[in-house]
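Peer 1: Let me see the structure of the following:
(2 chains)
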Amino acid sequence: MYYVDLLVIGLTFGSMYAVMAVGLTLVYGLLRILHIAHAAVFALGAYITVIVANATGSIALGLLAAIMITPFFGVAIYRLLYQPLLSYRPDVPMIASIGLLVLMQDGFRIVFGEQGVAFRNNPYAIQTFDLHGVTINTVQIAMMVAAALIFFGLHAFTTWTRIGVGWRATVSNAKIAASFGVDAIKVRYTNFIIGSALAAVAGGLVALLDNFVDPRTGVIVSYKGLAIIVLGGLGSVRGTLIAALVLGIVESFGTIFIGSWLNRDAIAFLALIILLMVRPQGFTGARAA
Amino acid sequence: MRNRLLRIAICMAMVLLLTGLIAQPAAAQIKIGFQAPVTGLAATDGKSAQIAAEMAVADINAAGGVLGKKIQLVSYDDQAKADQAIFTANKLIGEDKVKLAISGSYSGAGRAAAPIFQNAHVAFISAYGVHPDITRAGDYVFRLVILGPPQGRAAAMFIGKNLNLKRISVISMDNDYGEATLEGFLDTASKFGIKILNKYSYSLQDRQFGSIVASVKRDNPDGIYVTGYFFTGAPLVAQLRAAGVKVPVIGSQAFDSRKFIEIAGAAGNGVYIVDSFDRFRPDPSLRRFFTEFEKRAGYPPEQVAAGTYSSFILMADAIKRAGSDDPAKVRDALAKTKNFPLLVGNLVGFNKLHEVIKPVSINIVKDGQFVHFATIDDLKLLAPPEK
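Peer 2: Next up, the predicted model:
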């Protein structure tokens, strides 16, 4: 039961990472940019959820506000930071992205205070269910459900809707897609809107689980998100999900069994190094010819 | 003709400038250098420390200053990072020429700055950094908070004797602060009949402790001892209670903050905090400190603020007793301090290594307030190392 407990916890961590990292992989697939500032979007989503929830008394309203506001921020990052730099080598926008993340971290401190914000009334963090000896709380269930819905939803979106198919075409080959009438700009905006909204969902759920958001919240996942999309095969949504879940489980078991000499992040990255040495293209990436 | 006038005018201007520079009014001020992590990951404590420092200097100056001179606070942000601590320490010594300094920062930063101040013969007080190496830098370095290992020993005595809990799971933060405190606990645990079931560790940025919580649940201990800060302790306690773990949680000093109660919510009630600031001592200066700090900061003061404020008051008192701001004399006056009233309690004295000798107060969180619960005054157990 203990090991099942650890597995469930691993899946929860993994779901959270997956929802966060999918935005990163979407941007990479489309623009070949490592959108590290995505972690700032995630943190902003978390902050908005708490602040709106505290102001209105409704957590649902907080989440909704986060989902609606963060896409503006995400699209702004694209328009102001990436679009002017698209003609350069991909590492140029990536460096700009890192710079933005560092700036945002202190920005959050200045705007929202260094002490962080907490929900005034969050019953979900301590609401638990006991399923055959495994304790799981509401937010953890919500995370796993959210991850499942999101990935299924993305799959449906890219297979059965016009915009979604257009997006997939643009990712495959932007020129040919454009010659078929797919508007590349619309695709990019859609990309950032969806990615940012998903980051907001992840942020809001993490805020609910921890009952606390501080300026460090984004940074914790920023470099892990990068590791996950590399492990999953850059640009592959399915790979991201698998990699995120694997990493979550590795962390969950790792912190107990080797936590005395390696901390959690070190374990995650050690696993990444080993997995990449075995399979450099990631889980679902194509093997370089 | 014009050329000559111009040259005379320039010479006169230069003479005036030089006179102005040389004939500066004798700076009737005593500078005290100060380092606090105002930005970065420790910004919360840094803000408290900074406000407490400013308040202390204002209070000292309002009461007439020291030896007829005003105190001038020269403070820098060290971001709780060793490299910044070293850089700002050198700046304080080289540029600002301070001869007295106080660290309102974390152990990692204090540890880096202490040897620099020692080598420059600057009297230096660590307000709340607890790592043992800080005072080992030399005789100019003093610490105004009980260092890590005795805090851990006090926790062991409190858990084993006062609470009579024997089977304990330990969750520790893996930085200088957490490890130093844990060391003391581990050393004396068996003396009080404590059996340590398991040790877990986590890092400064962890906020989710799912697997640790599951493992503690499996351990089924009588109690849990946690070292860490309020921003890790509060989520941890909330997650423990959420998982159905109901046994007492005993936390370390850095849990002591209003924010702990805010984040942990109902889960915070019943948590014990070792070497926590006893807020309800019948002391009028304490009440005044509370109202004034809350007015300046917008939140009530905690251990960090009280410790920093007291460091300045003690430094000023030492300057007065030394009769001068010469660092060697101030150092000697500090070393001779006996029974000095601090905001956090009575300072019995300093030992040979310039560590404080004072009892440990333990609070419990009750109905969202820090309430005094017990005092560990076995000064022999708490005796800080002599070297």
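Peer 1: residues from chain B in reach of chain A?
Peer 2: With C-beta under 8 Å from any C-beta of the partner chain as the criterion, chain B meets chain A at residues B:39, B:41, B:43-44, B:46-47, B:174, B:199-203, B:205-208, B:210-212, B:214-215, B:217-218, B:231, B:234-235, B:238-239, B:241-244, B:259, B:262-267, B:299. Just so you know, the C-beta spots here come from the backbone N, C-alpha and C atoms, and that holds for glycine as well.
Peer 1: Which strand residues bridge residue B:198?
Peer 2: Taking DSSP bridges, one obtains residue B:169 as the residues bridged to residue B:198.
Peer 1: Now do it against residue B:233, distance only.
Peer 2: Residue B:198 is 18 Å from residue B:233, where distance means C-beta to C-beta, to the nearest Å.
Peer 1: Of those two, which one has the most company?
Peer 2: Per other C-beta atoms under 10 Å in any protein chain shown, whichever of residue B:198 and residue B:233 has more neighbours is residue B:233, with 27 against 16.
Peer 1: Just the mean pLDDT for the helix or strand harbouring the more buried one, thanks.
Peer 2: Using DSSP states H and E, residue B:233 sits in helix B:230-242. Averaging pLDDT along helix B:230-242 yields 90.
Peer 1: Might you list the low-confidence residue ranges for chain A?
Peer 2: Counting by pLDDT under 70, chain A shows low-confidence ranges at A:285-289.
Peer 1: What residues of stretch A:128-138 count as buried?
Peer 2: Within stretch A:128-138, the residues that count as buried by 16 or more other C-beta atoms under 10 Å in any protein chain shown are A:128, A:134-138.
Peer 1: hmm, that stretch touching chain B?
Peer 2: Yes: using C-beta under 8 Å from any C-beta, stretch A:128-138 comes into contact with chain B via A:128, A:130, A:135, A:137.
Peer 1: what two of these are the furthest from one another?
Peer 2: The span of the residues of stretch A:128-138 next to chain B, defined through C-beta to C-beta, is set by A:130 and A:137 at 10.4 Å.
Peer 1: just the strands in chain A please.
Peer 2: Taking DSSP state E, the strands of chain A run over residues A:128-131, A:134-137.
Peer 1: about what we covered before: next one: the helix holding residue B:233 to chain centre, how far?
Peer 2: 23 Å (C-alpha atoms, centre = their mean, to the nearest Å).
Peer 1: Alpha carbons of that helix, as CSV, please.
Peer 2: What follows is helix B:230-242, C-alpha atoms only, in CSV (Å, rounded to 0.1, in the frame of the first residue of the first chain):
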residue,chain,number,x,y,z
PHE,B,230,8.1,28.8,7.5
PHE,B,231,7.7,28.6,3.7
THR,B,232,8.6,24.9,3.8
GLY,B,233,7.3,24.0,7.2
ALA,B,234,3.8,25.4,6.6
PRO,B,235,3.1,23.4,3.4
LEU,B,236,4.7,20.4,5.0
VAL,B,237,2.4,20.6,8.1
ALA,B,238,-0.6,21.2,5.9
GLN,B,239,0.2,18.1,3.8
LEU,B,240,0.9,16.0,6.8
ARG,B,241,-2.5,16.8,8.4
ALA,B,242,-4.2,16.4,5.0
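Peer 1: Quick one: name whatever helix or strand follows it.
Peer 2: strand B:249-251.
Peer 1: pretty sure residue A:194 contacts residue A:25?
Peer 2: No: between residue A:194 and residue A:25 there is no contact under C-beta atoms under 8 Å: 11.6 Å.
Peer 1: Looking at these two, which one has more neighbours?
Peer 2: Higher neighbour count among residue A:194 and residue A:25: residue A:25, with 29 against 22, using other C-beta under 10 Å.
Peer 1: Can you name the residues that contact that one?
Peer 2: By C-beta atoms under 8 Å, 6 or more residues apart in numbering or on different chains, residue A:25 lies in contact with A:229, A:232, A:234-237, A:239-240.
Peer 1: tell me the two of those that are most distant?
Peer 2: Going by C-beta to C-beta, the pair spanning the contacts of residue A:25 furthest: A:234 and A:237, at 11.1 Å.
Peer 1: okay, and the common contacts of those two?
Peer 2: Common contact partners of residue A:234 and residue A:237 (C-beta under 8 Å, 6+ apart): A:25, A:29.
Peer 1: quick one: the most centrally placed residue in chain A from chain B, how far?
Peer 2: For chain A, the residue sitting closest to the mean C-alpha position, by C-alpha atoms, centre = their mean, is residue A:20 at 1.0 Å. Distance of residue A:20 to chain B, computed by C-beta to the nearest C-beta, to the nearest Å: 13 Å.
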